[in-house]
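just need the structure, nothing else, for what follows:
(2 chains)
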Amino acid sequence: MYRSRVATLGVAALVLAACGGNGAEAPQKKTELTLYNDKGAWTKYFDEMGALSKQSIGLGMKPTGYTDSAQYQAFIKASFRTDVKPDLFTWQTGGMLEEIVKQKQVAETTAIWQEAIKAGDLSQDLAPYYTIGGKQYCVPMNVAYWGMFYNKKIFDQYDLKPPQTWDDLVKTAETLKQNGVKAFYHTSVLFSFVWFEQLMAGTDPDLYDRLSTGKAKYTDPGVVQVMERWKQLIDAGYFINPGDKTDPGDVLKTGKAAMVSFGTWFNTSMTTRSMKAGTHYDFFVIPNVNAALPKTSMIFESGPLCSLTKAADPDASMKYLKWWTGSEAQDKWAKSRGDVSANPKVTIDDKVLGTVTKDAGSGKYRLVNRYFEATPPPILTAALDGFSKFVTEPGSYKEVLETIQKAADEYWSTHQ
Amino acid sequence: MSRAAPILGRFRYGYVAPAALLVAVLLYAPFVWTAYLSLTRYDGLEPPVWVGLANFAKLFDDAALITSTRNTLIWVIGTMVLPVGLGLLVAVLSYDIRGGAWYRVPFMLPYALSGAGLAMVWSPILSHDGIANLLLGVDTAFLQEEPVNTFAMLAVWTWQQLGVNTLLFVVGLQSIPKEPIEAARLDGASGWRLFRHVIWPLMRPLTAVVVGLALVSSLKTFDIVWVLTQGGPGRNSETLAVTMYKETFVASDYGYGSAVAVMLTVVTGLASYLYLRRQVTAT
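Numbers count the residues shown, from 1 in each chain, chains lettered A, B, ... in the order given. Below is the predicted model:
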């Protein structure tokens, strides 16, 4: 009886030991990495990259895509405290990256950056977005420049040309309105910030930067004026209804709105809808509202691809990130999506996007960090709610700004 | 008396232990953890910082929470009137007629859909460019205007829940003994009088269950709102459950989100207790 009990306890102890582990195991050697991302719609492109990496460096990659950003972020944050860790994951630059770097969760990539810059695979201009405390973390999964996609057939029909000034843009919108065509797309869900950042950056980019760092208030006269201008455009009837749930790709294709402002990644939406650049649609950089500004402000975003300090196989993860920045990987990544690349060596088939990318790197534009990354998450949450209210009730702009400022006051009181 | 009884009695806690342990670990431990987090400032990354009752104090000063409490109240009252009230009506009208079960089939079918699936189906119907506006020949922002959006979602909820409430009430009607009804009919009762004075009191136990379930499910309304409006525009269609989710997972304010969760638990527990106590007293 006693023996059998001892044996049972022994077996139980072994099972527990096998389940628990002691945390000091040798790192696994992986041949396939997991890549968690919040771009569920891009699974096809990630799969193609996995097949190529398997061929090139003997490391496969299996993507797991989330479509809900909040769920995704909660999962990644929770994974830091468990043993279910992704080998690679996508994230955001700005406050979001700083937050997890401060927790010492993210693997440093300074060596990859130095080598890539020397080899011409990454641009020095991009480094500040990935630098925290003098060191680099993650590598660019993608970069995007924001501008206006427009339905070329509609423009041709009414003899319209890409505008050179803000007044031209408003005149274009007015012509379209006269012909019963809605000029612009906007929405009350998630991307409700697009016109705010565009109008702010084109009016007073310094004020925009100060807002992002808590050095200006949302209730400052400059911000109020921007909201008033935005309201004027809505009141003039240039926008489609923000409650329209048509996919923006379809909005542009069907001509429900003649212009849609998005990042260059929106090109993928066009190519998947069999629309041809230069024939069915085209792209222009949105002119500044304030013509006196020395450079045209252009919204810029870059999404990082990261690895964890406690990854299952840190060497394999680093090897993958290094490969990702190289020409071969970036050429495939850009071409499959029909988008621009973070690697300056990659040539882009789309003529207009190619020119924009080249000009952006030459210092022709003032690059302005996208509002989504530039704004600390708690303020961003309040702002997205606020702008979604504003686009449906434009008269509420003062109340909206006060609500956002309240969230900003709360945040900056503990984060300055 | 069997000899097995005292032995079973001695080990009875052993039999219950696995289930009790599972319930404790999976249900009560997270609740205790949430209650603890509600007293902290916690972003999901850095260790929680004890702030006492600060999150609960903030509840009373939060305009968004006032809106979501109002919306939750609309959901509770609306659920009682529409899915429950109409369910009873359909059950009574279709109960005693030939082929009544077939009349109930169309009401039952939507129940097969999940809340999220339901919202996906109705999203293109209720959106501004949707079929509802087209068919009704109106230009209403069903999902944007406040409180029209809450009523619109309540209508969708009714579409789904009506069937199951009807079914439960039919079961209740079937469980009523025939004798008292026949006796009442012999006494000359029929129609509304028969229902009001005989059928309705006999159905009381079942009604308590239907209303109790509807009360709890309306207090925790989440999926349908989240998929259709995400609580917006602004925060004007949020319910308490949506506010809890947004504060916790979208704003990463786990402390405040937990405080909303605790408040919702207390409100649900209290409402259920008061309602059930009243039912017990009445019977």
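
for A:T131, give me its contacts.
A:Y137 (CB atoms under 8 Å, 6 or more residues apart in numbering or on different chains). All C-beta spots, glycine's among them, are computed from the backbone N, C-alpha and C.

look up how far chain B lies from it.
According to CB to the nearest CB, to the nearest Å, A:T131 and chain B sit 20 Å apart.

pairing partners for that residue in the sheet, please.
A:Q136 (DSSP bridges).

tell me how far A:Y72 lies from B:G44.
Distance of A:Y72 to B:G44, computed by CB to CB, to the nearest Å: 13 Å.

which SSE is the residue in chain B positioned nearest to chain A in?
Nearest residue of chain B to chain A (CB to the nearest CB) works out as B:G234 at 2.8 Å. For B:G234, there is no helix or strand it lies in under DSSP states H and E.

swap in A:T43?
Applying DSSP H and E, one finds A:T43 within helix A:43-57.

report the buried residues of that helix.
A:Y45, A:F46, A:M49, A:G50, A:L52, A:S53, A:I57 (16 or more other CB atoms under 10 Å in any protein chain shown).

repeat for stretch A:33-42
Neighbour-count burial for stretch A:33-42 [16+ other CB under 10 Å]: A:L33, A:T34, A:L35, A:Y36, A:N37, A:D38, A:K39, A:W42.

so which residues of the stretch 1-150 of chain A form helices?
Remark: helices assigned in the stretch 1-150 of chain A by DSSP state H, counting those that start in this stretch are A:2-20, A:43-57, A:69-79, A:95-102, A:110-119.

the last one: how far from the chain's middle?
Using CA atoms, centre = their mean, to the nearest Å, we find the averaged C-alpha position of helix A:110-119 to lie 23 Å away from the chain's own average C-alpha position.

same check, this time on stretch B:185-198
32 Å.

repeat that for stretch A:353-362.
18 Å.

circling back: tell me the one of the buried residues of stretch A:33-42 nearest chain B?
Using CB to the nearest CB, A:D38 comes nearest to chain B of the buried residues of stretch A:33-42, at 12.9 Å.

give me phi/psi at that closest one?
phi -100, psi 30 (degrees, to the nearest 10).

what parts of the stretch 101-250 of chain A come near chain B?
By CB under 8 Å from any CB of the partner chain, the part of the stretch 101-250 of chain A that sits against chain B consists of A:Q103, A:Q105, A:S188, A:V189, A:N241, A:P242, A:G243, A:D244, A:K245, A:T246.

show me the contacts for the fourth one.
By that I understand A:V189. Counted by CB under 8 Å, 6+ apart, A:V189 has contacts A:S388, B:Q230, B:G232.

give me the three-state assignment for it.
coil (DSSP: H, G, I helix; E, B strand; the rest coil).

skipping its backbone neighbours, what lies nearest the residue nearest to the spatial centre of chain B in space?
The residue lying closest to the centre of chain B (CA atoms, centre = their mean) is B:S217, at 1.2 Å. The shortest distance from B:S217 to any non-neighbouring residue, by CB to CB, 6 or more residues apart in numbering or on different chains, is to B:T79 (7.4 Å).

could you check how far that neighbour is from B:M263?
Relative to B:M263, and taking CB to CB, B:T79 is found at 20 Å.

can you give me the domain boundaries for the chain?
Just so you know, I chose chain A. A:32-144+A:301-363, A:146-299+A:370-413 (the TED database).

actually chain B
Taken from the TED database, chain B resolves into B:11-50, B:55-282.

make JSON lines out of those domains and add distance to A:Q405 and mean pLDDT.
Shown next, in JSON lines, are the domains of chain B (distance: least, CB to CB, whole Å; pLDDT from 0 to 100):
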{"stretch": "domain B:11-50", "distance to A:Q405": "21", "mean pLDDT": "92"}
{"stretch": "domain B:55-282", "distance to A:Q405": "14", "mean pLDDT": "89"}
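
can you map out the strands along the stretch 101-250 of chain A?
A:131-132, A:135-136, A:139-151, A:182-184 (DSSP state E, counting those that start in this stretch).

Serialize the ones you listed to JSON lines and add fields for mean pLDDT.
Shown next, in JSON lines, are these (pLDDT from 0 to 100):
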{"stretch": "strand A:131-132", "mean pLDDT": "96"}
{"stretch": "strand A:135-136", "mean pLDDT": "96"}
{"stretch": "strand A:139-151", "mean pLDDT": "95"}
{"stretch": "strand A:182-184", "mean pLDDT": "97"}
